[in-house]
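In: Structure for this input, please:
(chains A and B)
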2 protein chains.
Amino acid sequence: MGYVIGIDGGGSKTTYSICEVSKHTQKTFQPAATFQSKGTNPQVIGFQEMAQQIGETIKNLLNKLSIPPRDIVSVCCGLAGVGREDDEEKAALYIREKFLSIGIDRNIRLFICSDLYIALRGALNPGVKEGILVIAGTGSNAIGSTKNESVYKTGGWGHVLGDEGSGYHIALKALNKVTRSYDLRENKTLLNEMILEKLNLSSEPKLISYIYGTKPQKNEIAGLAEVVIQAADQGDHIAIQILKEASDELVQHVRSLHLMSDQFDKNTAITTAGSILTHSALIKDQFIKSITEEKLGHYQKSYATPVDGALVIAREQYEAAQSFNG
Amino acid sequence: MGYVIGIDGGGSKTTYSICEVSKHTQKTFQPAATFQSKGTNPQVIGFQEMAQQIGETIKNLLNKLSIPPRDIVSVCCGLAGVGREDDEEKAALYIREKFLSIGIDRNIRLFICSDLYIALRGALNPGVKEGILVIAGTGSNAIGSTKNESVYKTGGWGHVLGDEGSGYHIALKALNKVTRSYDLRENKTLLNEMILEKLNLSSEPKLISYIYGTKPQKNEIAGLAEVVIQAADQGDHIAIQILKEASDELVQHVRSLHLMSDQFDKNTAITTAGSILTHSALIKDQFIKSITEEKLGHYQKSYATPVDGALVIAREQYEAAQSFNG
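Out: Predicted coordinates for the structure are as follows:
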């Protein structure tokens, strides 16, 4: 008996999935169990605490499932905040040490990568390693992997430096349009009354104490993208323009990946994730139209989740070790 | 003997100026004394604390100059964070109460307004009440006063909601261009190496920990506008474009004021203030060219400082009361 574990370590939550490796591996996994606990971004909570949390959660999980730690053969951790090789090595060091302390074998395969990479592998069809994933949620970024397994990234600069096309960016543009139209610096838009109503404010200048006084969280502001999507549905030209620009920013990520590697072509699978691409049909349709017209790839629905991607990688790693040893 | 006091109450510092009212008032004031102390924005420190600080500073100042409190005839306070009438009334209530406690006569003229209005009056020629002042420092805004003394404002939404054309906005655009060019989403610019050098960072991704890790103050980020001005001087097209857009945003403030009142015309005096309009010849030249070509007014060098504006208003108020009484 052998088991593989996939971990999707986000900033606010971490998902664990465990699965038996049978001799006849299937295209799709049927995890024995999936479990969620708190965030494990090592840049936020530190590397030691991250390893501690992952180790303890796995210990409890194995206990509950009556799986002996010695049966674990491979683990893949996709961690938020881990983008560079030195981060990956540092994370691996701490996690392996913790694993030893809970009885997991010293010789298991342990693969650490970014949460972005497992998301890409989860989104692509089973067995496929080449393709692109574009994400637009509170932030925005894209990752692409080529035939020769080179990985390229773009975006992900955060809400101050970039994140164009994200929910936060869409909301900020809308708020700016509201201030401009109030000042008569631009044409009036439906967004004024819709945003004030959503925030329960009596007039535009109240936005000042809302933003600088109550200091709403980044994702609360990003949530206003929903109002922009509604205003666009009602035909508001400014809202439609903001969403079209957001869509083009996301296409721009794909154009960049093409500039980074000529291995991407019109046959590249392009998948998407994140609340913005899920909730705005306008952005998604526009995005698909552009990548098709510009021959940047072909749009494809995401196959599975990031934690599934981690499981796929864990199994791959195990199989590679087996064929090497065998 | 009678004295008037002008106060420029900013967020980080407050300037006090006191001046004797002689029977033969001159066009320009020669203040008896000018003094600086800490910020008095009532939205930051509270109305009571604001009044307390102003009262105590004036008490000490009068003491030092051996001026009896009974000789004060009129005071004008231009306060940051005071934009609406109810704020002005509240501030007046607290200040008058404090003044009584330090021996200033109950019947003095007390005029409370925004720091923006005293800046406008200081910038305009003595005796002139109509004109426009455009400010671009860390933030950006504009104020205009018409022949019939109606006051109009635009901008001043702060760094999240607006402040287009300000130092912060220019810096943010530059940082965004740096991230985009690093991602190959836009053409390379001189700004990349110049900004990294200024911040002593080894590569563009280090900007992420600089911005979100060290969390620099708003005015530290705004200070990067200096780098954009230098890059433009060296002919960088992206930097030049950012500055031209900033200039147009400032012209946009003037266009808005024209939409708000038809009392503004090609003869309206337009003055400017703030570090951006002082340090970027490109922005200022472009700004003057546009307002002239579009017949929005005629550019005029600022006559005096905001605290001088407060003194002018204090004297006006006193004279109005005299002519009313007399």
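
In: Just the strands from the stretch 51-200 of chain A, written as ranges.
Out: In the stretch 51-200 of chain A, the segments counted as strands under DSSP state E, counting those that start in this stretch are A:72-79, A:109-114, A:131-136, A:140-145, A:151-155.

In: thought A:Ala123 was touching A:Val312?
Out: No - contact criterion CB atoms under 8 Å: A:Ala123 and A:Val312 do not qualify, at 10.8 Å. (C-beta placed from N, C-alpha, C; glycine too.)

In: Apart from its neighbours in sequence, what residue is nearest the residue nearest the centre of chain A?
Out: Note on chain A: the residue nearest the mean C-alpha position is A:Leu116, at 5.3 Å, using CA atoms, centre = their mean. Excluding the flanking residues, the one nearest A:Leu116 by CB to CB, 6 or more residues apart in numbering or on different chains is A:Ile143, at 4.7 Å.

In: Check the gap between that neighbour and chain B for me.
Out: Using CB to the nearest CB, to the nearest Å, A:Ile143 is found at 12 Å from chain B.

In: What is the burial count for that residue?
Out: Per other CB atoms under 10 Å in any protein chain shown, the neighbour tally for A:Ile143 reads 24.

In: on that earlier part again, let me have the strands of the stretch 51-200 of chain A in JSON lines, extended by distance to B:Ala246.
Out: As requested, these are exported to JSON lines (distance: least, CB to CB, whole Å):
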{"stretch": "strand A:72-79", "distance to B:Ala246": "40"}
{"stretch": "strand A:109-114", "distance to B:Ala246": "36"}
{"stretch": "strand A:131-136", "distance to B:Ala246": "28"}
{"stretch": "strand A:140-145", "distance to B:Ala246": "25"}
{"stretch": "strand A:151-155", "distance to B:Ala246": "25"}
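
In: I'd like to know which of the ones you listed is closest to B:Lys129.
Out: Among those, strand A:140-145 comes nearest to B:Lys129, with 49.3 Å by CB to CB.

In: okay, the angle between the closest one and strand A:151-155?
Out: If you take axes from the mean of the first three to the mean of the last three CA atoms, to 10 degrees, strand A:140-145 sits at 170 degrees to strand A:151-155.

In: export strand A:140-145 as PDB, just CAs?
Out: Extracted in PDB, the C-alpha atoms of strand A:140-145 (Å, rounded to 0.1, in the frame of the first residue of the first chain):
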ATOM      1  CA  SER A 140      -4.200  38.800 -11.400                       C
ATOM      2  CA  ASN A 141      -1.400  36.800 -12.900                       C
ATOM      3  CA  ALA A 142      -0.700  34.100 -15.400                       C
ATOM      4  CA  ILE A 143       1.600  31.000 -15.600                       C
ATOM      5  CA  GLY A 144       2.600  28.900 -18.600                       C
ATOM      6  CA  SER A 145       4.500  25.700 -18.900                       C
END
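
In: quick one: the host helix or strand of A:Ala321 to chain centroid distance?
Out: Secondary structure from DSSP states H and E places A:Ala321 in helix A:306-325. Relative to the chain's own centre, helix A:306-325 is displaced by 21 Å; criterion: CA atoms, centre = their mean, to the nearest Å.

In: just stretch A:227-242 next, same as before
Out: Centroid separation between stretch A:227-242 and its chain, computed with CA atoms, centre = their mean, is 26 Å.

In: Could you work out the end-to-end span of that stretch for me?
Out: 12 Å (CA to CA, to the nearest Å).

In: Residues touching it, excluding its own?
Out: With contact meaning CB atoms under 8 Å, 6 or more residues apart in numbering or on different chains, stretch A:227-242 is reached by A:170-171, A:173-174, A:177, A:181, A:186-187, A:189-191, A:194-195, A:198, A:243, A:279-280, A:282.

In: swap in stretch A:266-279?
Out: Against stretch A:266-279 from outside (CB under 8 Å, 6+ apart): A:119-120, A:123-125, A:128, A:130-138, A:140, A:144, A:165-167, A:170, A:225-226, A:229, A:246, A:250, A:254, A:283-284, A:287, A:291, A:295-303.

In: Which residues of the stretch 51-200 of chain A lie near chain B?
Out: Contact residues, the stretch 51-200 of chain A versus chain B (CB under 8 Å from any CB of the partner chain): A:83, A:154-155, A:157-158, A:160-162, A:164, A:172, A:175-176, A:179-180, A:183-185.

In: 10 Å instead?
Out: Proximity of the stretch 51-200 of chain A to chain B is confined to A:83-84, A:141-142, A:152-164, A:172, A:175-176, A:178-180, A:182-186 under the rule CB under 10 Å from any CB of the partner chain.

In: Got the phi and psi for A:Gly235?
Out: phi 90, psi 10 (degrees, to the nearest 10).

In: pLDDT score assigned to it?
Out: A:Gly235 carries a pLDDT value of 96.

In: Count residues in the vicinity of A:Ile291, would you?
Out: 23.

In: Which per-residue confidence value corresponds to it?
Out: For A:Ile291, the pLDDT comes out at 97.

In: sec struct for it, please.
Out: Assigned by DSSP: H, G, I helix; E, B strand; the rest coil, the conformation of A:Ile291 is helix.

In: So it sits against A:Leu250, correct?
Out: Yes - A:Ile291 is within contact range of A:Leu250, at 9.2 Å (criterion: CB atoms under 10 Å).

In: and for those two, which residues touch both?
Out: A:134, A:272 (CB atoms under 10 Å, 6 or more residues apart in numbering or on different chains).
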